[in-house]
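**Q** Sequence plus the predicted model coming up.
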Amino acid sequence: MTQATFGPTPDDVSALTGTRASDWFLSELEKPASLHRPQLAAYRAMISDPDEDFPLLAVQSSTFSFWRNAIEGDDQLRQRMAFALSQILVVSNFGGELLTDIPEPVVGYQDILVEGAFGNYRDLLEAVTYSPAMGYYLTYMGNQKGDPATGRMPDENYAREILQLFTIGVVRLGPDGAPILVDGQPVELYDNMDITGLARVFTGLDLDGLDRRRFPTVEDAVDEWDGLEQALLAPMEVIDDRHSNEEKRFLDCAIPPGARAAQSIDQALDCIMAHPNVGPFVSRQLIQRFTTSAPEPDYVQRVARAFDAGRYTLPNQTRVGEGRKGDLAATLAAILFDPDVRDDAALTNTQFGKVREPLLRFAHWARAFDADASRPEYGLELFDLSSPDELSQHPYRARSVFNFYRPGFVAPGTESGAAGLTVPELQIVNATSTTGYINFTTFWAFGGQSMIPTDELAMELEEMGVPVDEAALERAFVPDYGEEIALANDASALVNHLDALLAYGSLSSDTKSAIIRAIKAEAIDEPGDQQALQDRVSLAVMLVMTSPDYLVQR
């Protein structure tokens, strides 16, 4: 559950102990998807001033719906997979432009990943290609064929990133994801001529119904075109008159002159998916998001084999997947049920595991202690977590198309770096982000916004245009420590309980001893002093969740 969800809840642990993981996995595949678009519509309906340019309830909708689905969604495996895919197929509202101010494109993109989480990677690439969010983010929305008279050339941004970041990388890989060397050097897959040829494929795509004569840029249509928001939720339309009629040659593929836009895109995506790099390239990154930062080559090869075959047999002998290359359900099963992951040795292998992503830590805390995320718009501290003073990570708000951290990052000056291990999450670990996370965790562990007078919170939210239900506001993201408070008089029992709940029994004896000493120092003069007991619990939770044992997921 730690590897495959946003964190196990006590109810999950009780219900699933003694059952088969295969059965849980299969049941997750069948659960209906928790989507983001209906939540955006609900927030739009709550806005009191329809003439307000960029109401906060709408602007922050993708953040609000992310937290609601991550913390309270029943389809945990699907939501977790969508988040993992969002770090490969990156779209971001970080830049303060259209994707920041108008929520529809990113919300629509979130649903593309949610709906495609257990589908086929080829189909997902097609949906992403036609997505207004990706079209705007990688600047090929409105991309036109070349014009020799003016020197205009097709935009190459998406052509470059779909190869480099989304599908095959830049060098030839073996089935195990390791670069193939010739005379000791990696073999580059393509050059700029390939990018130029592929860029012609992605010409002629634009917002459905946008009149470019009236609105030369999408920004010109803001506040002027009533159809903008709906167009930003729909797939981009094909405009063949703007599509390149030239031959499109790239990799080992050639699309003949005169091919129409939709046909060119289909052939290009089929060609890219046929490349042998796709399986190991995508599989390794998905492994990093779920189980281990530096997977052994044979682990990558086994997962890539499932990706290529489109099938995987679970331990209960049920076959997952439709038998078509790129099946994501089969790939995910191969990641989670691989012997390298399920073997007991993974719990002690110092080169196996991953640094827990900051977002996952907060979601885990909220789920473990039943913090109410039904009204995420009340979580003022969650509006932007991009800063190192917070989490250095905000959903769908990476600083660039290269994600929050690079999959090949080897941290200099570290023991993992000396061992040559890739640990992507260490790219956002520094002196500022380390203390930022400790402060962030302390705030929430000790009750978060419940420490601030409700009337002050309500006033601040209402000034931002957020309707307030004071009873719901008092509950928002407040942890339920009832079970923990009952144990708080016994420091050892409390720490053992939190070790099981938060770290599946992985805290070292030294760590547990240190935490027990620290919380014993929090004196409880009267056995029934509820505030003192709660403070002791809050301190214990914070110390567990900032310990190295917790921060490294085995």
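**A** Sure, I can see it.

**Q** need the contact list for residue 66.
**A** With contacts defined as CB atoms under 8 Å, 6 or more residues apart in numbering, residue 66 is in contact with 36, 110, 395-396. From N, CA and C alone the C-beta is placed, and that goes for glycine too.

**Q** my bad, should have said residue 282
**A** Residues in contact with residue 282, defined by CB under 8 Å, 6+ apart, are 88, 121, 167, 307, 331.

**Q** ok, now residue 512?
**A** Contact criterion CB under 8 Å, 6+ apart gives 495-496, 499 as the residues in contact with residue 512.

**Q** does it sit in a helix or strand, and which one?
**A** Secondary structure assignment for residue 512, by DSSP states H and E: helix 509-520.

**Q** quick check: angle from the helix or strand following that helix to helix 509-520?
**A** Stepping forward along the backbone from helix 509-520, the first helix or strand reached (DSSP H and E) is helix 530-545. Following axes from the mean of the first three to the mean of the last three CA atoms, to 10 degrees, one obtains 160 degrees for the angle between helix 530-545 and helix 509-520.

**Q** what residue ranges in the stretch 351-500 of the chain score low on pLDDT?
**A** For the stretch 351-500 of the chain, no stretch has pLDDT under 70.

**Q** Could you pull out the strands in it for me?
**A** Read by DSSP state E, counting those that start in this stretch, the stretch 351-500 of the chain holds these strands, from start to end of the chain: 354-355.

**Q** that older thread, out of the contacts of residue 512, flag the one nearest to residue 163.
**A** If you rank those by distance to residue 163 using CB to CB, residue 499 comes first, at 45.2 Å.

**Q** Stretch 271-280: which residues count as buried?
**A** Residues of stretch 271-280 classed as buried: 271-273, 275, 277-280 (neighbour count, 16 or more other CB atoms under 10 Å).

**Q** export those to CSV and tack on distance to residue 358?
**A** Conversion of the buried residues of stretch 271-280 to CSV gives the following (distance: CB to CB, whole Å):
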residue, distance to residue 358
271, 38
272, 32
273, 33
275, 33
277, 30
278, 29
279, 29
280, 28
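
**Q** Could you single out the nearest of those to residue 221?
**A** Within the set of the buried residues of stretch 271-280, residue 272 lies nearest residue 221; the separation is 31.6 Å, counting by CB to CB.

**Q** nearest residue to that closest one other than its sequence neighbours?
**A** Closest residue to residue 272 in three dimensions, ignoring its sequence neighbours and counting by CB to CB, 6 or more residues apart in numbering: residue 167, at 5.2 Å.

**Q** go on, residue 123?
**A** Of all residues apart from its sequence neighbours, residue 116 sits closest to residue 123 (CB to CB, 6+ apart), at 6.5 Å.

**Q** so who does that neighbour touch?
**A** Contacts for residue 116 (CB under 8 Å, 6+ apart) come out as 85, 123-124, 127, 328.

**Q** The same query, at a cut-off of 10 Å, please.
**A** For residue 116, the contact set (CB atoms under 10 Å, 6 or more residues apart in numbering) comprises 33, 78, 81-82, 85, 89, 123-128, 328.

**Q** Which element, helix or strand, includes the most centrally placed residue in the chain?
**A** With the centre of the chain defined as its mean C-alpha position, the nearest residue by CA atoms, centre = their mean is residue 83, 2.6 Å away. Assigned by DSSP H and E, residue 83 falls within helix 76-86.

**Q** okay, now the residue nearest to residue 272: neighbour count?
**A** Using other CB atoms under 10 Å, the number of residues around residue 167 comes to 21.

**Q** Test my guess that it contacts residue 158.
**A** No - the pair formed by residue 167 and residue 158 falls short of the contact definition of CB atoms under 10 Å, at 11.8 Å.

**Q** can I assume residue 366 is in contact with residue 441?
**A** No - taking contacts as CB under 10 Å, residue 366 lies outside contact range of residue 441: 11.7 Å.

**Q** of these two, who's got more company?
**A** The residue with the greater number of neighbours, taking residue 366 and residue 441 and applying other CB under 10 Å, is residue 366; the counts read 25 against 21.

**Q** Tell me who's in contact with the residue nearest to the more buried one when sequence neighbours are not counted.
**A** In this structure, residue 366 finds its nearest non-sequential neighbour in residue 71, 4.7 Å apart by CB to CB, 6+ apart. The neighbours of residue 71, taking CB under 10 Å, 6+ apart as the test, are 6-7, 9, 79, 362-367, 370-374, 376, 477.

**Q** Please apply the same query to residue 115.
**A** The contact partners of residue 115, taken as CB under 10 Å, 6+ apart, are 33, 35, 78, 82, 123-124, 127.

**Q** Tell me if I am right that the residue nearest to residue 272 is in a helix.
**A** No - assigned with DSSP: H, G, I helix; E, B strand; the rest coil, residue 167 falls outside any helix and is coil.

**Q** Stretch 98-106: how far from the chain's middle?
**A** Its chain's C-alpha centre and that of stretch 98-106 lie 17 Å apart, by CA atoms, centre = their mean, to the nearest Å.

**Q** go on, stretch 348-367?
**A** In terms of CA atoms, centre = their mean, the gap separating the centre of stretch 348-367 from the centre of its chain is 14 Å.

**Q** Buried residues of stretch 173-188, list them for me.
**A** 173-177.

**Q** Would you mind extracting the C-alpha trace of that stretch into PDB?
**A** The C-alpha coordinates for stretch 173-188 follow below in PDB (Å, rounded to 0.1, in the frame of the first residue of the first chain):
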ATOM      1  CA  LEU A 173      19.200   1.400 -24.700                       C
ATOM      2  CA  GLY A 174      19.400  -2.300 -24.200                       C
ATOM      3  CA  PRO A 175      16.400  -4.300 -23.000                       C
ATOM      4  CA  ASP A 176      17.500  -3.600 -19.400                       C
ATOM      5  CA  GLY A 177      17.600   0.200 -19.800                       C
ATOM      6  CA  ALA A 178      21.400   0.400 -19.900                       C
ATOM      7  CA  PRO A 179      23.000   2.400 -22.800                       C
ATOM      8  CA  ILE A 180      24.400   0.300 -25.600                       C
ATOM      9  CA  LEU A 181      28.000   1.300 -26.100                       C
ATOM     10  CA  VAL A 182      30.000   1.200 -29.300                       C
ATOM     11  CA  ASP A 183      33.700   1.700 -28.900                       C
ATOM     12  CA  GLY A 184      32.900   2.700 -25.300                       C
ATOM     13  CA  GLN A 185      30.500   5.500 -26.300                       C
ATOM     14  CA  PRO A 186      26.700   5.700 -26.200                       C
ATOM     15  CA  VAL A 187      24.900   5.700 -29.600                       C
ATOM     16  CA  GLU A 188      22.800   8.800 -30.200                       C
END
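
**Q** Give me the distance between it and the centre of its chain.
**A** Centroid separation for stretch 173-188 versus its chain: 29 Å, with CA atoms, centre = their mean.

**Q** which residues sit against it?
**A** Taking CB under 10 Å, 6+ apart as the criterion, the residues outside stretch 173-188 that touch it are 169-172, 189, 275-285, 287, 295-305, 308.

**Q** so for that stretch, what's the average pLDDT?
**A** Averaging the model's pLDDT scores along stretch 173-188 yields 97.

**Q** what's the helix or strand harbouring residue 12 in contact with?
**A** With the criterion set as DSSP H and E, the secondary-structure element containing residue 12 is helix 10-16. Among residues not part of helix 10-16, those counted as contacts by CB under 10 Å, 6+ apart are 1, 5, 8-9, 23-24, 76, 367-370, 480, 483, 500-501, 504.

**Q** what angle do the following helix or strand past it and helix 76-86 make?
**A** Next helix or strand after helix 10-16 toward the C-terminus (DSSP H and E): helix 21-30. Regarding helix 21-30 and helix 76-86, their directions subtend 70 degrees when assessed with the same axes, to 10 degrees.

**Q** Would you mind splitting the protein into its domains for me?
**A** Following automatic domain parsing, one gets these domains for the chain: 121-276, 278-353, 354-553.

**Q** Out of the ones you listed, which is the most enclosed?
**A** Across the domains of the chain, averaging neighbours per residue (mean count of other CB atoms under 10 Å) puts domain 278-353 on top, at a mean of 20.
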